[in-house]
Structure formats: C-alpha cells, structure tokens
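Colleague: okay, here's the prediction I keep looking at, along with the sequence it came from:
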Amino acid sequence: MYTLEQLERKAKCKWTIVQYIGAPLQILVFLISLGFVLYTFFVSDELFGLTNGIIVFKVLFLYFMFITGMLWEKEVIGKYYLSAEFFWEDVVSTWVLILHTSYVTALLLGVKDHKTLLLIILVAYVSYVINAIQYFIKVMRNRASQQLLALPKD
C-alpha cells in the first residue's frame with residue numbers, strides 16, 4: 001500500500017505512464033510469443049527461426065520493463081530494487097530475468113536442439129505468469145487501499 005506522499009510521486013512520475021503502457025504490451029508480446037512457442041514445440045519446427053526472434057524480442061522487452069520499473073521504484077518508493085513495498089515482486093522478477101536470460105545464453109553457447117531451447121523458455125514463461133499474477137494482486141490491493149484513502153473521515 002502506498003503512502004499519500006508515494007501516491008503523489010507516482011502521479012508525477014514519468015515512469016508511471018511507461019509502466020501503464022508497457023505492462024499490457026508486455027502481456028500481448030508474451031501471449032504472441034507463447035502461441036509461437038507452443039506451435040513450434042507441438043506442431044511444427046518450421047517456424048523456429050521466427051519463434052526464436054519473437055522470444056528474443058520478448059526477453060529484450062522484459063529487460064526494458066524491469067529497468068524502467070526500477071527507475072519508477074526509485075522515484076516513487078525511494079529505492080531502485082528490493083524495497084520493502086516490492087521485495088517479493090523484485091525477487092520473483094529477478095528469477096524471471098534469470099530464466100529468460102538462460103534462453104539467450106543457451107543460444108549464444110550454441111545449443112542447437114530446438115526442443116531443449118523451447119523447454120527452457122517454457123520454464124521461463126511459467127515464472128513470468130507467476131510474476132504477472134503477483135503484480136496483478138498487488139495492483140488490486142493498491143486500488144482497494146487508494147479507495148479507502150479517498151473515503152471521508154468521520
């Protein structure tokens with residue numbers, strides 16, 4: 001839950017709009033990527049090149065959102081990373097980045113087996129879904145607390 005000061009900083013923070021626009025775009029990129037990964041894994045390997053490009057784009061977009069999220073957290077909360085308010089979200093986000101980065105690392109190390117690469121990214125995607133659920137719950141709780149702050153005091 002945000003303090004009144006944090007809510008004011010959040011309203012003025014340039015990174016808030018980046019996060020508000022980027023979050024749904026990130027989910028869209030994830031869903032498109034997931035569709036290509038599942039098709040390539042279960043139906044046909046013929047689109048692996050395209051699927052791989054989409055996965056790499058998703059990983060880069062994830063890094064963009066993580067970095068701009070850190071800038072937002074610093075401006076609104078006062079810490080770049082692992083603030084008390086976002087500790088567990090930051091911990092899980094770090095694991096999400098590690099798992100996604102393992103896909104890119106496997107590519108750079110020359111792993112050729114497409115099924116192995118796709119399994120790596122599917123594990124990363126499970127972590128992404130867990131993290132997205134975490135943030136969704138946080139957003140819903142924060143909205144509820146903002147509504148409570150807006151109630152007239154007796």
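Modeller: Ah, there it is. No experiment lies behind these values; they were computed from the predicted model shown.
Colleague: which pLDDT does the model give residue 153?
Modeller: Residue 153 carries a pLDDT value of 50.
Colleague: ok, now residue 145?
Modeller: So residue 145 comes in at 68 (pLDDT).
Colleague: need the contact list for the residue nearest to the spatial centre of the chain.
Modeller: Nearest residue to the geometric centre of the chain (CA atoms, centre = their mean): residue 62, 5.6 Å. Contacts of residue 62 were listed using CB atoms under 8 Å, 6 or more residues apart in numbering, and they are 26, 96, 97, 100, 128. Backbone N, C-alpha and C define where each C-beta goes, glycine included.
Colleague: and for residue 48?
Modeller: Per CB under 8 Å, 6+ apart, neighbours of residue 48: 40, 114.
Colleague: how far is the helix or strand where it lies from where the chain is centred?
Modeller: If you go by DSSP states H and E, residue 48 is part of helix 48-76. Taking CA atoms, centre = their mean, to the nearest Å, the mean C-alpha location of helix 48-76 is offset from the chain mean by 7 Å.
Colleague: check which residues of it are buried.
Modeller: Going by neighbour count (16 or more other CB atoms under 10 Å), the buried part of helix 48-76 is 48, 51-52, 54-55, 58-59, 61-62, 65-66, 68-70, 72-73, 75-76.
Colleague: my guess is residue 37 contacts residue 120. True?
Modeller: No: counting by CB atoms under 8 Å, residue 120 is not a contact partner of residue 37; they are 10.5 Å apart.
Colleague: can you name every helix or strand that the longest helix anywhere in the chain contacts?
Modeller: In the chain, taking DSSP state H as the definition, the longest helix is helix 114-150. Judged by 3 or more CB pairs under 8 Å, 6 or more residues apart in numbering; DSSP states H and E, helix 114-150 is in contact with helix 4-12, helix 14-42, helix 48-76, helix 87-108.
Colleague: that helix to helix 14-42, inter-axis angle?
Modeller: 150 degrees (axes from the mean of the first three to the mean of the last three CA atoms, to 10 degrees).
Colleague: low-confidence ranges, this structure, go.
Modeller: When residues are selected by pLDDT under 70, those of the chain lie in 145-154.
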